[in-house]
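Student: Sequence and computational prediction follow.
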Amino acid sequence: MTIDLHAETRPTGVDAAVAAARRVIDALVRAGDISGADMADVADRLNAVADDLEDTAPPLDERLVDMWRGDGNTRHDPVTGPENPIAPPLRYEAVDTRTIEATTTLGLPHQGPPSSVHGGVSALLLDHTLGVANGWAGTSGMTAELTLRYHRLTPLFEPITVAARQVSVDGRKIRTTGEITANGEPCVTAEGLFIATYPPRPR
Ligand SMILES: CCCCC/C=C\C/C=C\C/C=C\C/C=C\CCCC(=O)SCCNC(=O)CCNC(=O)[C@H](O)C(C)(C)COP(=O)(O)OP(=O)(O)OC[C@H]1O[C@@H](n2cnc3c(N)ncnc32)[C@H](O)[C@@H]1OP(=O)(O)O
């Protein structure tokens, strides 16, 4: 069963613009300086888009309130967010009542070692996935500790699965584990301690 984090996700509006921005990011990293493109012209056109967005954006305070107006999961996070071009984005499936997973394929913008996922990107995906698993299991918290073991390189350009499971809740202490696998082999494993709390929202 797919976990619908963003019931209001839509193929138009900002979601469509963000999807286009993801393409631009990927295409720029792919092109590099050995591209045949006129990069001065590309820069002018992208800056024109940014000028337009900045001219029409709401004040930062207003946008922050808007970002945090719902409960639970947000539309702007850097892992699943349909409003965030740096999100791959992950789409979670429920495995059971305490376990979730998502399968995705990452490309050049997330590269660390050659043709492999950057270790910090793996940490981002796991931190967030452990956090969403906690929400799915019913008790959420803030990351207090996250321990990672990198077993083997995590490949770009082929499907990887990011999974997490809430293991225990002891008072405010939530323990959660996770892993990134490729072809069924563990690439990164994670153990997290989360403390049940909710940070104040901007008002
Ligand atoms: C991004 C959204 C975050 C909101 C999450 C909440 C709900 C969300 C709803 C649905 C879920 C949806 C999406 C969530 C997805 C992803 C989540 C991303 C998670 C993050 O990206 S989050 C950013 C990184 N995270 C921080 O930025 C934390 C900074 N930090 C603090 O805000 C405090 O540090 C805090 C709150 C951790 C604790 O502070 P505190 O004052 O509430 O608690 P206190 O100190 O009283 O400790 C109580 C007991 O925990 C033990 N304890 C505490 N810390 C420990 C540690 N490090 N190691 C071992 N034990 C520790 C104590 O020893 C004591 O244990 P004992 O009771 O046995 O003495």
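Tutor: Thanks, I have it.
Student: Which residue comes closest to residue 185 once chain neighbours are left out?
Tutor: Leaving aside its chain neighbours, residue 185 sits nearest to residue 152 (6.8 Å; criterion: CB to CB, 6 or more residues apart in numbering). C-beta: built from backbone N, CA, C; applies to glycine.
Student: residue contacts, that neighbour?
Tutor: 185-187 (CB atoms under 8 Å, 6 or more residues apart in numbering).
Student: Grab the most central residue of the chain for me.
Tutor: Compute the mean C-alpha point of the chain, and by CA atoms, centre = their mean the closest residue is residue 79, 0.8 Å away.
Student: Could you look up the SS state of it?
Tutor: State at residue 79, reduced to three classes by DSSP: H, G, I helix; E, B strand; the rest coil: coil.
Student: Tell me if I'm right that it and residue 128 touch.
Tutor: Yes. With contacts counted by CB atoms under 8 Å, residue 79 reaches residue 128, the gap being 3.8 Å.
Student: Mind listing the shared neighbours of these two?
Tutor: With CB under 8 Å, 6+ apart, residue 79 and residue 128 have common neighbours residue 90.
Student: In this protein, what residue lies closest to the ligand?
Tutor: Nearest residue of the chain to the ligand, counting by CB to the nearest ligand atom: residue 131, 2.4 Å away.
Student: Need phi/psi at the nearest residue to residue 68 once chain neighbours are set aside.
Tutor: Nearest residue to residue 68, sequence neighbours excluded (CB to CB, 6+ apart): residue 201, at 4.4 Å. Per-residue torsions, residue 201: phi -90, psi 150 (degrees, to the nearest 10).
Student: Residue 201 touches residue 66, doesn't it?
Tutor: No. The pair residue 201 and residue 66 fails to qualify as a contact (CB under 8 Å) at a distance of 11.1 Å.
Student: out of those two, which sits in the busier spot?
Tutor: For residue 201 versus residue 66, neighbours defined as other CB atoms under 10 Å are more numerous around residue 66 (13 against 10).
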